[in-house]
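Undergrad: Please work out how this folds:
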Amino acid sequence: MADIDVNDISLHLTDTGGDGRPVVLIHGWPLSGASWSEQVPALTEAGYRVVTYDRRGFGESDKPGAGYDYDTFAADLAGLLTSLDLTDVTLVGFSMGGGEIARYVGNHGTDRLHSVVFAGAVPPYLLKTDDNPDGGLAESDVQDMENGARTDRENFLDGFATNFFSADGELKVTEEQRQDALALAALARDEALVGCIGAFGRTDFRDDLTKVDVPTLVIHGDSDAIVPFEVSGQRTAETIADSTLVVVEGAPHGFNVSHAGEFNAALLDFLAK
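TA: Below you'll find the predicted structure:
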């Protein structure tokens with residue numbers, strides 16, 4: 001574990017080291033890099049160098065009052081890759097972490113990348129607009145989430161954590177695992193929680209996705225109640241030429257925990273290609 005300075009803040013990261021090809025895991029909202037606990041051992045055992053980090057405002061990273069937008073998140077990621085001098089990297093972005101990948105490619109290119117993975121990820125564009133009628137969130141939905149996080153944080157996150165790990169109304173993890181996620185969310189700054197809702201709810205990644213020119217895996221649960229497959233993963237896979245699509249049957253949003261075996265198998269198979 002270590003900290004690295006990028007863009008005038010300190011990001012907390014873990015780095016397994018070694019000579020293997022690097023895999024950088026980018027966590028979802030409202031968690032931290034520790035949410036990849038089911039993936040890090042499997043990837044490490046397979047010989048990869050695994051790097052996880054806490055997004056600004058979350059986990060043990062610095063928590064500034066501003067900067068909760070995807071241009072800034074992508075710049076943070078670019079700074080991390082540059083500071084660690086990582087090349088031939090696979091980026092794995094879960095949920096809002098997929099937005100970091102899209103915007104990183106859009107703003108910084110793919111010179112350092114080997115491949116990318118969108119896992120239950122928010123691109124291409126969640127907000128319903130006149131030119132994006134297939135989005136999954138109305139503006140009122142985004143505002144309701146923002147208000148819930150702002151005015152009743154604890155209860156809002158408790159309900160969110162249940163939906164996060166539920167498929168067809170049934171919790172797919174243990175209560176201990178749900179509580180573990182809530183403990184990670186408790187570390188987030190209020191401004192980060194609310195700011196990121198606006199970021200993942202309103203950011204248009206459609207142009208960014210057209211610039212993805214490296215091998216791509218899109219993996220998604222077919223019972224995702226938070227970021228439904230039809231409005232996100234399916235559209236991303238259709239946008240990126242020659243992408244690989246894996247749909248995990250009966251899996252909720254938090255399927256890297258609930259369906260870790262299937263998730264890891266698909267990820268390792270893709271990485272080996």
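
Undergrad: which residue ranges form the strands in the stretch 101-250 of the chain?
TA: 113-119, 166-167, 170-171, 216-221, 244-248 (DSSP state E, counting those that start in this stretch).

Undergrad: In three-state terms, label residue 23 for me.
TA: The three-state assignment at residue 23 reads strand, by DSSP: H, G, I helix; E, B strand; the rest coil.

Undergrad: so it touches residue 52, yeah?
TA: No: checked against CB atoms under 8 Å, the pair residue 23 and residue 52 is beyond contact range at 9.4 Å. All C-beta spots, glycine's among them, are computed from the backbone N, C-alpha and C.

Undergrad: circling back: redo the strands of the stretch 101-250 of the chain as a markdown table? Include distance to residue 184.
TA: Compiled in a markdown table, the strands of the stretch 101-250 of the chain are given as follows (distance: least, CB to CB, whole Å):
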| stretch | distance to residue 184 |
| --- | --- |
| strand 113-119 | 17 |
| strand 166-167 | 18 |
| strand 170-171 | 17 |
| strand 216-221 | 20 |
| strand 244-248 | 22 |
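
Undergrad: Can you lay out those as JSON lines showing mean pLDDT, distance to residue 129 and mean neighbour count?
TA: Shown next, in JSON lines, are these (pLDDT from 0 to 100; distance: least, CB to CB, whole Å; neighbours: other CB atoms under 10 Å):
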{"stretch": "strand 113-119", "mean pLDDT": "98", "distance to residue 129": "21", "mean neighbour count": "25"}
{"stretch": "strand 166-167", "mean pLDDT": "96", "distance to residue 129": "28", "mean neighbour count": "21"}
{"stretch": "strand 170-171", "mean pLDDT": "96", "distance to residue 129": "33", "mean neighbour count": "14"}
{"stretch": "strand 216-221", "mean pLDDT": "98", "distance to residue 129": "22", "mean neighbour count": "26"}
{"stretch": "strand 244-248", "mean pLDDT": "98", "distance to residue 129": "25", "mean neighbour count": "18"}
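
Undergrad: Indicate which one of these is closest to residue 191.
TA: Closest to residue 191 of those is strand 113-119 (CB to CB; 26.0 Å).

Undergrad: List the pairing partners of that closest one within its sheet, with orientation.
TA: The sheet places strand 113-119 alongside strand 89-94 (parallel), strand 216-221 (parallel), with pairing taken from DSSP bridges.

Undergrad: where along the stretch 151-273 of the chain do the helices fall?
TA: Taking DSSP state H, counting those that start in this stretch as the criterion, the stretch 151-273 of the chain carries its helices at 153-164, 175-185, 190-202, 206-209, 233-239, 255-258, 260-271.

Undergrad: mind listing what's buried in the fourth one?
TA: If I follow you right, that is helix 206-209. Of the residues in helix 206-209, those buried by neighbour count under the rule 16 or more other CB atoms under 10 Å are 206, 208, 209.

Undergrad: sorry, back to before: select, out of the strands paired with strand 113-119, the one closest to residue 196.
TA: Relative to residue 196, the nearest member of those by CB to CB is strand 89-94, separated by 13.4 Å.

Undergrad: what comes into contact with that closest one?
TA: Identification of contacts with strand 89-94 by CB atoms under 8 Å, 6 or more residues apart in numbering yields 21-28, 35-36, 39, 77, 81, 99-101, 104, 112-121, 256, 267, 271.

Undergrad: what do you get for stretch 172-182?
TA: Contacts of stretch 172-182 from elsewhere in the structure, counted by CB under 8 Å, 6+ apart, are 31, 35, 157-158, 161-162, 164-166, 171, 250-252, 254, 257-259.

Undergrad: Just the buried residues out of the residues you listed, in ChimeraX syntax.
TA: The buried subset of those, as determined by 16+ other CB under 10 Å, is captured in ChimeraX by this line:
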select :31,35,157,161,162,164,165,166,171,251,252,254,257,258,259
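
Undergrad: burial count for residue 72?
TA: 18 (other CB atoms under 10 Å).

Undergrad: where in this structure is pLDDT low?
TA: Counting by pLDDT under 70, the chain shows low-confidence ranges at 1.

Undergrad: quick one: the residue in the chain sticking out farthest from the centre and residue 250, what's the gap?
TA: Using CA atoms, centre = their mean, the residue of the chain lying farthest from its centre is residue 130. It sits 26.3 Å away. To residue 250, residue 130 is 35 Å away according to CB to CB, to the nearest Å.
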